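1. Below are the sequence and a predicted model for it; my questions follow.
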Amino acid sequence: MKGFSLGICVLWAMLQRSNMQIALPATALNCCEGDILLLLDSSGSVANYEFLHLLLFATELLRPFSLGRGHVRVGLLQVGTNPNLEFSLDVHNNQETLQKALQNVTQLQGDTNTVAALKVAQELLTETDKDVPKILLWLTDGVQPGDVNKLMSELKAQGVSVLAVTTVHGNYQVLQRAVTPPVQSHLYSVDIENIEIITEDLREAIIEIIRAERLRVVDLTSHSAVLQWRPVLTIESGYYELWYNSMLKMDNEIRRILPGGSSWVELTNLQPDTTYTATLRPESNQRLFNTLSVNFTTLPDVLSPTVVSVSDSGPRQIRVSWGPLQLARVQRYTVEYGAIPSGDVHTVTFNSQQNSTVLTGLEPDTQYLVTVSALHVNGKERAMTVRACTQEAPLPALDDLQLTPVERQEVQVAWQAHQEGLKGYWLSWETENSHSIKPSMSSVYLPPTSRSTRLTHLAPNSRVCVSPVYSSGRGDGLCCTAERHTGWLS
Ligand SMILES: *[C@@H]1O[C@H](CO)[C@@H](O)[C@H](O)[C@H]1NC(C)=O
Ligand SMILES: *[C@@H]1O[C@H](CO)[C@@H](O)[C@H](O)[C@H]1NC(C)=O
Ligand SMILES: *[C@@H]1O[C@H](CO)[C@@H](O)[C@H](O)[C@H]1NC(C)=O
């Protein structure tokens, strides 16, 4: 005899809470975060060997910086009759491609239309991240730059630091007014043959502006915060002293010592929805570092359960899951469930480690209200209710089927079935077709009182199937194969 198969249904997918990834900075030479736009005089007044020297100088100046977003970004804008953006700030995120690109720059020649180039510079430097320091580094021979005053003032008012290197003493006053004070470290007038002598000083001046001295909050929950900073110490050169407290009066400061190599810390056991202030002081006996601080407010409290879900629903059972687990903060969970609209309500209690259960003994094809509530250690209670339905009960299958050969092409079919709600039986089989070698399907509907019947003109190896029919549908049937002459096979 042939068996039958039961369908398996999965109803709800459980919600998954994804874990936040904390991005930590690479430990390479990452002193700094900022945008540097080189404004390179590429006009005809610059001798070609001067132009190449300036490019070489820029290459050496920028060589030590880590590049890319979150580090230093470099763009190159050439001044000529028309400005030429050689590459924008977001193009190079490694030294190799930057240096190749710098070697590849060709001189524009033409007029020194600095004003037109400054308009482009202004757009480039003001459209990007406002929190990041920005530098316009003007490399020029100082010959007839045009009336740059107004645009330079606007740039500076927008927070851009203007630094300049000039190779001719001509228009020193113009340049003096153009740069951001102090002039001593932001304006360099130098003989092109010896330009490399200013590399270190200018780089220091740049680092001073873009040194990333920020304590940042990179992840925040209701009870914790992750603070991140750019490392200024190594494990040998010193340590960090961190202290933090909520801004509520009377709250005690918490102090921690962190090793010199660290660049982030997680503060835990914070109060929800509370503003904190945290301060980090790099301690080194080699040099003095600035103290960094940040204020942040933790998120409002999350009380479990925030998620209740239902899965693996069957005709008589449902799995209920809840979360998040808050082992330290929940005393116990209570699950209450009852059929809608008017079933009895059942209550089950679980300890704080449990986050799911299977409710059994339910009615098929019925809606239930399921409430999961948590009693928290602090006495607070939080509940969440979901609706769930059980599956329809499968209709009873046929219990037994027997074929007995009677004569050539005839069998006696006998069966047994569950009687409750039974409306009748469907029988199907294949009969021999005189017009074709393909057998044709025959079927008959028999009353519920029948238990057997005789079928004639069976096709060779015909499948004979019997299914019980109930008021709510057809139950699973059974099939057997009738073998000609020799009777039947199961
Ligand atoms: C060099 O310049 C040429 C033409 O100006 C350009 O096609 C090429 O992509 C550049 N190469 C690099 C590495 O920037
Ligand atoms: C933090 O808040 C205090 C008090 O409002 C303020 O004095 C201080 O400047 C703030 N610190 C930062 C880094 O914003
Ligand atoms: C239940 O707890 C287990 C193990 O602690 C965890 O893997 C699962 O995600 C939790 N389920 C929910 C719904 O929180």
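-> Nice, I can see it. Ligands and ions are numbered 1, 2, ... in the order given.
2. any weak-confidence spans in the chain?
-> For the chain, the stretches flagged by pLDDT under 70 are 1-30, 169-170, 212, 484-490.
3. Nearest to ligand 2: which residue in the stretch 51-200 of the chain?
-> Nearest to ligand 2 in the stretch 51-200 of the chain, going by Cβ to the nearest ligand atom, is Asp131, at a distance of 13.2 Å. (C-beta placed from N, C-alpha, C; glycine too.)
4. do the stretch 251-400 of the chain as well
-> For the stretch 251-400 of the chain, Cβ to the nearest ligand atom, closest residue to ligand 2: Asn295, 3.7 Å.
5. quick one: that residue and Gly142, what's the gap?
-> According to Cβ to Cβ, to the nearest Å, Asn295 stands 45 Å off from Gly142.
6. more crowded one of these two?
-> Neighbours of Asn295 and Gly142, each counted by other Cβ atoms under 10 Å, are more numerous for Gly142; the result is 21 against 11.
7. Let me know the secondary structure of that one.
-> Gly142 falls in the coil class when you classify it by DSSP: H, G, I helix; E, B strand; the rest coil.
8. Same check on Leu303?
-> Applying three-state DSSP: Leu303 is coil.
9. circling back: OK, contacts around the residue of the stretch 51-200 of the chain closest to ligand 2?
-> Listed by Cβ atoms under 8 Å, 6 or more residues apart in numbering, the contact set of Asp131 is empty.
10. Please determine how far it is located from Ala205.
-> Distance from Asp131 to Ala205, by Cβ to Cβ: 21 Å.
11. residue contacts, the residue of the stretch 251-400 of the chain closest to ligand 2?
-> For Asn295, the contacting residues are Met247, Thr275, Tyr276, Thr277, Ala278, by Cβ under 8 Å, 6+ apart.
12. The first one against Ala278, yeah?
-> No: counting by Cβ atoms under 8 Å, Met247 stays clear of Ala278, with 10.9 Å between them.
13. on that earlier part again, tell me the buried residues within the contacts of Asn295.
-> Among the contacts of Asn295, those classed as buried by 16 or more other Cβ atoms under 10 Å are Tyr276, Ala278.
14. Ser222: which of the contacts of Asn295 is nearest?
-> The closest of the contacts of Asn295 to Ser222 turns out to be Tyr276 (Cβ to Cβ; 12.4 Å).
15. in this structure, which spans are helices?
-> For the chain, the helices defined by DSSP state H occupy 48-62, 95-103, 114-126, 149-157, 172-178, 183-186, 199-210.
16. May I see the ones you listed organised as TSV, with mean neighbour count and distance to ligand 1 added?
-> Listed next are the helices of the chain as TSV, based on neighbours: other Cβ atoms under 10 Å; distance: least, Cβ to the nearest ligand atom, whole Å:
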stretch	mean neighbour count	distance to ligand 1
helix 48-62	18	13
helix 95-103	15	4
helix 114-126	19	18
helix 149-157	16	27
helix 172-178	17	29
helix 183-186	16	29
helix 199-210	16	23
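17. Name the residues that touch stretch 146-163?
-> 112-115, 118-119, 121-122, 125-126, 130, 133-138, 174, 177-180, 186-187, 202, 205-206, 209.
18. that older thread, angles on the backbone of the residue of the stretch 51-200 of the chain closest to ligand 2, please.
-> Note on Asp131: backbone dihedrals following degrees, to the nearest 10 are phi -80, psi -10.
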